[in-house]
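Q: Below is the sequence, then the predicted model.
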There are 4 protein chains.
Amino acid sequence: MIEVGILGASGYAGSELVRLLVQREDVQLNFLGANRQAGSAVSDLYPNIYQRLIQDYEVVDLQDPKTFNGLDLLFSCLPHGQSQAAVAQAYQAGVRVIDFSADYRLKSPKTYEGWYNTKHAYPKLLAEAVYGLIELHRQAIEKAAIIANPGCFPTAMLLGLAPLTQAGLLDGVPSIIADCKSGLSGAGRNLQGHLLFTEVNENVNPYAAGVHRHTPEVEEQLHRLQGSVQTQVNFIPHLVPTQRGILASLYVQAQEPITEDELREMYQTFYKGASFIRILKEGIYPQMKAVTGSNYVDIQVQVNERTGLIYIFVVIDNLIKGAAGQAVQNMNVMFNLPEETGLTAIGLLP
Amino acid sequence: MIEVGILGASGYAGSELVRLLVQREDVQLNFLGANRQAGSAVSDLYPNIYQRLIQDYEVVDLQDPKTFNGLDLLFSCLPHGQSQAAVAQAYQAGVRVIDFSADYRLKSPKTYEGWYNTKHAYPKLLAEAVYGLIELHRQAIEKAAIIANPGCFPTAMLLGLAPLTQAGLLDGVPSIIADCKSGLSGAGRNLQGHLLFTEVNENVNPYAAGVHRHTPEVEEQLHRLQGSVQTQVNFIPHLVPTQRGILASLYVQAQEPITEDELREMYQTFYKGASFIRILKEGIYPQMKAVTGSNYVDIQVQVNERTGLIYIFVVIDNLIKGAAGQAVQNMNVMFNLPEETGLTAIGLLP
Amino acid sequence: MIEVGILGASGYAGSELVRLLVQREDVQLNFLGANRQAGSAVSDLYPNIYQRLIQDYEVVDLQDPKTFNGLDLLFSCLPHGQSQAAVAQAYQAGVRVIDFSADYRLKSPKTYEGWYNTKHAYPKLLAEAVYGLIELHRQAIEKAAIIANPGCFPTAMLLGLAPLTQAGLLDGVPSIIADCKSGLSGAGRNLQGHLLFTEVNENVNPYAAGVHRHTPEVEEQLHRLQGSVQTQVNFIPHLVPTQRGILASLYVQAQEPITEDELREMYQTFYKGASFIRILKEGIYPQMKAVTGSNYVDIQVQVNERTGLIYIFVVIDNLIKGAAGQAVQNMNVMFNLPEETGLTAIGLLP
Amino acid sequence: MIEVGILGASGYAGSELVRLLVQREDVQLNFLGANRQAGSAVSDLYPNIYQRLIQDYEVVDLQDPKTFNGLDLLFSCLPHGQSQAAVAQAYQAGVRVIDFSADYRLKSPKTYEGWYNTKHAYPKLLAEAVYGLIELHRQAIEKAAIIANPGCFPTAMLLGLAPLTQAGLLDGVPSIIADCKSGLSGAGRNLQGHLLFTEVNENVNPYAAGVHRHTPEVEEQLHRLQGSVQTQVNFIPHLVPTQRGILASLYVQAQEPITEDELREMYQTFYKGASFIRILKEGIYPQMKAVTGSNYVDIQVQVNERTGLIYIFVVIDNLIKGAAGQAVQNMNVMFNLPEETGLTAIGLLP
């Protein structure tokens, strides 16, 4: 039995984690931490789950050593900034931790401060954290004390770009374009006027073009794969009126001719043995709905022979492979379980 | 290992059944029958599932005895009319069958012909069929040779009305009103102009008010529960722009005063032990999304003290509790498995 | 030139009013009142309109006599409670006023207080107010000093029930059922968690069943038409995931046999000359989208011969015929213009 | 009075044209041509409009000279291929024509055949046709006999790129990227499985990436503006679940440093006097809904200083500025009317 606690359980990512874990017989939920006021019981916020839970939200005191008693793993679904101390406290108590925030994703505290406008209070701990993208860092994850669970957009972008990078196809490319489309659950459960149904439905718009905070973790991971080369990322997110789903449309100028078949084979080889990556066969485009409700990643590659541009399309469910499912996948690997344990659900369609 | 075959696997209900069964280790899919032309491979119609299947659609010949070799259960997801013969052939071959169509739901061939404009070719077999609503007919289902899987709307209406009926609260009520709202997957995967996104999105409308074919099975089941009394049903379906979900809003004039608490307790007692029925606590209204992707049924009751009207609200996922999930639940009971086997998924929210 | 001012211009109804009036050459907008903080300029809240306006929101002081200088008409789109004083001040300044709130819709201050939990500070003014449903009260509206613009749901319900009532078909009917479906703009532009896209999309649910505040104005108007009889209204609203639109499904037990044709003819006669009422021909159901963006009201009637129940279906655009369009229609009649002036737009479809 | 006839009036673009024209008092609809079978009366297909029409669809015989009697303008909303002959017949009859199809958009019959797999039967007429993008070709349109109404995607792309091109900013750029998002009405009213609500809702996917037929008309127009230079276009369309709307996200590598302010000013200058172009102020992103139901075009420009990439975002209503509204705008200019006549409607929001 793996005993876990969850901080920030009342947001969408936290809730999705609860949904996944409550169906496991080998995992025990020790506590659901949340800051919610009276009136927001689990039954109010999660009408889908509450009958399966034996506990309600509670305020968790991480300074009380009893909180960590018997705990094998802490999931922190707190927002960036707030997660810094929670992770540090778990680490000091000798409890492994998976952090959903951006607080431990970047190696450089300076880069972190530049993009997040927040000082990092535990800069030395950054070296302990492993970027939790299993398809790239499986071995390090097995033994990690701290997992920085990747952002939803970076998960899609990096899984789409990693094979190219490893093959040297980004060498000499000054910048690439990632035109990404995200459903609304990616924006979280915050009361903001622009997230009202009436404002978002029947609407599509770009936002934070070129300045979104998920940019630096993609660049850092790419540069690690690339070595000395330094390709920059133009990340342009767009809101689309769906509940879930990210579609990353990635555009890379080929430096030397390559055929679509060669490219597809390169991706198949790179992801051999990866349980959740599905390289689609020729002529089928990824669609958000094929992965909704699942941990799958659908990828298609294409080469425009007229222009020499490589197109890569990647879809994920932002709350599963982009957040809670990826965290569970990390947990599985950390505890020597098959990575697909508890994650075999198939996408809902229609 | 339960060996099953599926006819009509390319429609939405059939596909949902495949999705549920492919995750079972105790069920083996012997064949997926479909009439689809070339070009509609499983990979085209079900991009969510196809990588988990080892077979494609095939045309199934039920007159070939080999088709039934080793088969424990046939699921017929064919449309009404087409299912008549398929069920009869399985029955004659000694194979149990769960029929998704309306062909074996009504006891009277005359009523069937009146509502469906189709003659019944196997009227004697109607007596063998059990109406597969486990919450009402569990014992008969355990031993049934033929299960008539209830319609999606009738499932919601009957689960909402059965406790009232048993308590005699429909006695003397000439007719009740069932204002039902259904998402689009209930209309199936047919190419009809009024099912295009552009026609349905941002739209709500009634259809087939008072003449929908799901009316007689609700009345037949009610009358069985009522005994001699004969309450009629005004069933008014409405299309709403969602993928899945049925909300049945049921209105019954109370003949004698009853309080909301008494009513709620009556429902809780009636459904004690029913794994999938959730009687909501006071003040919480059912919402479609709380059950989407699950086999749950959420029910709330209310009494308008000014007018004496009883309101009952029921939500289900039309493709799961209203079709494929209910069929699996029936299969579980037929084969002496816990009824919730393979059906414990929690609704996706958000 | 009609000089008008608008209070509460930043909400959805207020904005829709601005959209309608800014296209008029015979109407001049003297001021747009709103309480919005800095940062919510017209350009932020109304990206569709702002380039056509020459003014921004301002805080309006009704105690300053200059505010009313030259003003022919005040529109108050303030919430109930807040509108009481604004209407009274305009009245005292001799300026005609159209009030979007419920503050002047009910004749009895006691009923108002019972349903709105607010004391009425100007009970004597209630007698001056005319309920602004032109199809029922045209003559009184022509000369009214105060128009109580009907609620969106009551507009649909009353237009569906008035012909029945006038013909005496509600006599002896203790209560009727109004199962209404509304898009989200009816809930306004308030920051409430249950109005987020992620909570509302792919969802349908009832709310405030039997206790919604729009109930008493429907009953009051019905009883005026009925005379001594007192039919009660079971009003059960439901949220559906559309931007705009109300569908009222009304159910009335016929006391004596009547045919569908007779009923339809009765409605056609009742609404003869009403510019915006469209009684649909047999076999066509109203659909929300046929009226979206227009001031039209589509109505269909039906009789279930098995059960004797009359079904009436009514659709309107809640922001136009249910709010701003109806207000403009009232203004037109008050100022002796053809009632359809500035309201001839046809619904957007698809 | 301008007397017009419409071919292909039963599709979405044709219907939108009818909606716009039926509100005009200076335009008379002589006929509505459609091939629809019995049963698809105007009242079935256009429940929003039919009460305002005095005629139904008819089969139009262009070989009968009486068809052209008194006709000032023919709108052909037929699909490509079918429009070739219709346009030619009108031309020969001396009637001006606006063609919604691609048949007369390209100057080279060879290019046309390459992209449309259809031989052009009237290659000599191509020289007579003017590409109907008023913001670029106003003078030629005034006198044109044949207008090739631009495609919906090209309208958005070209309006976004034209100012850059004129300023020489595309010189030396081998290719640009146009990641476009379109609502479903752009796909027309065809019965295709992938256009069903259940397939499209809650979904986003790319299609025809790099091979969409709207590519060559964008390149041809760009190259005319550029002179000798030959920038290629990577056009990657995506389907998004909205009724209307196109968002074109355009990415161009700057060859020399330019600031965002300089760029915005360049656009403002270029579009000075263009009634429907709105260059948004800094910090506001275009959103589909701000233009839905209107002929407006909202444009924002941005420069990523890290990567030197220029981002241009353009939104239009694909059925209005992308089809019927643009056609009406062309008609206005052809008949010496102010270009905004009948097109002043403001977008519906919410």
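A: Noted; the coordinates are in hand.

Q: in chain A, which spans are helices?
A: A:12-21, A:42-45, A:83-92, A:109-116, A:134-143, A:152-166, A:197-200, A:215-226, A:260-270, A:325-334 (DSSP state H).

Q: mean pLDDT lowest for which of those helices?
A: Least confident of the helices of chain A, judged by mean pLDDT, is helix A:42-45 with a mean of 82.

Q: Just the buried residues of it, please?
A: For helix A:42-45, the neighbour count (16 or more other Cβ atoms under 10 Å in any protein chain shown) marks A:Val42, A:Leu45 as buried. Just so you know, the C-beta spots here come from the backbone N, C-alpha and C atoms, and that holds for glycine as well.

Q: is that helix up against chain C anywhere?
A: No - Helix A:42-45 is not in contact with chain C by Cβ under 8 Å from any Cβ of the partner chain; minimum separation 8.6 Å.

Q: which residues touch that helix?
A: With contact meaning Cβ atoms under 8 Å, 6 or more residues apart in numbering or on different chains, helix A:42-45 is reached by A:Ser10, A:Ser15, A:Leu32, A:Arg36, A:Ile49, A:Tyr50, A:Leu53, A:Gln55, A:Asp56, A:Tyr57, B:Lys281, B:Ile284.

Q: The third one and A:Ala9 touch, don't they?
A: Yes - here A:Leu32 reaches A:Ala9: they are 4.0 Å apart, a contact under Cβ atoms under 8 Å.

Q: Of the two, which one has the most company?
A: Higher neighbour count among A:Leu32 and A:Ala9: A:Ala9, with 26 against 23, using other Cβ atoms under 10 Å in any protein chain shown.

Q: Check the more buried one and give its pLDDT.
A: On the pLDDT scale, A:Ala9 gets 93.

Q: Would you mind naming what in the stretch 201-350 of chain A lies close to chain C?
A: Residues of the stretch 201-350 of chain A lying close to chain C by Cβ under 8 Å from any Cβ are A:Asn201, A:Glu202, A:Pro241, A:Thr242, A:Gln243.

Q: 7 Å instead?
A: Applying Cβ under 7 Å from any Cβ of the partner chain, we find that the stretch 201-350 of chain A lies next to chain C at A:Asn201, A:Glu202, A:Pro241, A:Gln243.

Q: which of those residues are close to chain B?
A: Taking Cβ under 7 Å from any Cβ as the test, chain B is in contact with A:Glu202, A:Gln243 out of these.

Q: Quick check: neighbours shared by A:Leu32 and A:Ala9?
A: A:Val18, A:Tyr57 (Cβ atoms under 7 Å, 6 or more residues apart in numbering or on different chains).

Q: if we can go back for a sec, any chance of the helices of chain A in TSV with distance to B:Ala167 as columns?
A: Listed next are those as TSV, based on distance: least, Cβ to Cβ, whole Å:
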stretch	distance to B:Ala167
helix A:12-21	36
helix A:42-45	27
helix A:83-92	52
helix A:109-116	60
helix A:134-143	55
helix A:152-166	50
helix A:197-200	39
helix A:215-226	60
helix A:260-270	62
helix A:325-334	45
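
Q: of all the ones you listed, which lies closest to D:Glu128?
A: Nearest of those to D:Glu128, taken as Cβ to Cβ: helix A:260-270 at 40.4 Å.

Q: what sits up against that closest one?
A: A:Ala162, A:Pro163, A:Gln166, A:Ala167, A:Ile279, A:Glu282, A:Ile299, A:Val301, A:Gln302, A:Val303, A:Ile310.

Q: at 8 Å instead, please
A: The contact list for helix A:260-270 (Cβ under 8 Å, 6+ apart) reads A:Ala162, A:Pro163, A:Leu164, A:Gln166, A:Ala167, A:Ile279, A:Glu282, A:Ile299, A:Val301, A:Gln302, A:Val303, A:Ile310.

Q: tell me how far the helix or strand bottoming out on mean pLDDT in chain A is from the chain's mean position?
A: Within chain A, confidence by mean pLDDT, DSSP states H and E is lowest for helix A:42-45 among all helices and strands, at a mean of 82. Remark: helix A:42-45 is offset 25 Å from the chain centroid, using Cα atoms, centre = their mean, to the nearest Å.

Q: again with stretch A:167-178
A: The mean C-alpha position of stretch A:167-178 is separated from the chain mean by 22 Å, Cα atoms, centre = their mean.

Q: rewinding a little: of the contacts of helix A:260-270, which pair is most distant in space?
A: Greatest spacing in these, by Cβ to Cβ: A:Gln166 and A:Glu282 (22.1 Å).

Q: Please compare the two by neighbour count and tell me which comes out ahead.
A: Ranked by neighbour count (other Cβ under 10 Å), A:Gln166 and A:Glu282 place A:Gln166 first, with 15 against 10.

Q: A:Gly70 - how many residues pack around it?
A: 11.

Q: wait, it sits on A:Ile2?
A: No - assessed by Cβ under 8 Å, A:Gly70 is found out of contact with A:Ile2, at 10.6 Å.

Q: just the strands in the stretch 251-350 of chain A please.
A: Assigned by DSSP state E, counting those that start in this stretch, the strands in the stretch 251-350 of chain A fall at A:277-279, A:297-304, A:309-316.

Q: any chance of these in a markdown table, plus mean pLDDT, distance to D:Gly172 and mean neighbour count?
A: Listed next are the strands of the stretch 251-350 of chain A as a markdown table, based on pLDDT from 0 to 100; distance: least, Cβ to Cβ, whole Å; neighbours: other Cβ atoms under 10 Å in any protein chain shown:
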| stretch | mean pLDDT | distance to D:Gly172 | mean neighbour count |
| --- | --- | --- | --- |
| strand A:277-279 | 97 | 36 | 20 |
| strand A:297-304 | 98 | 19 | 24 |
| strand A:309-316 | 98 | 17 | 26 |
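
Q: Those strands: which one's closest to A:Pro150?
A: Taking Cβ to Cβ, strand A:309-316 is the member of those nearest to A:Pro150, at 10.6 Å.

Q: any idea of the angle that closest one forms with helix A:260-270?
A: 40 degrees (axes from the mean of the first three to the mean of the last three Cα atoms, to 10 degrees).
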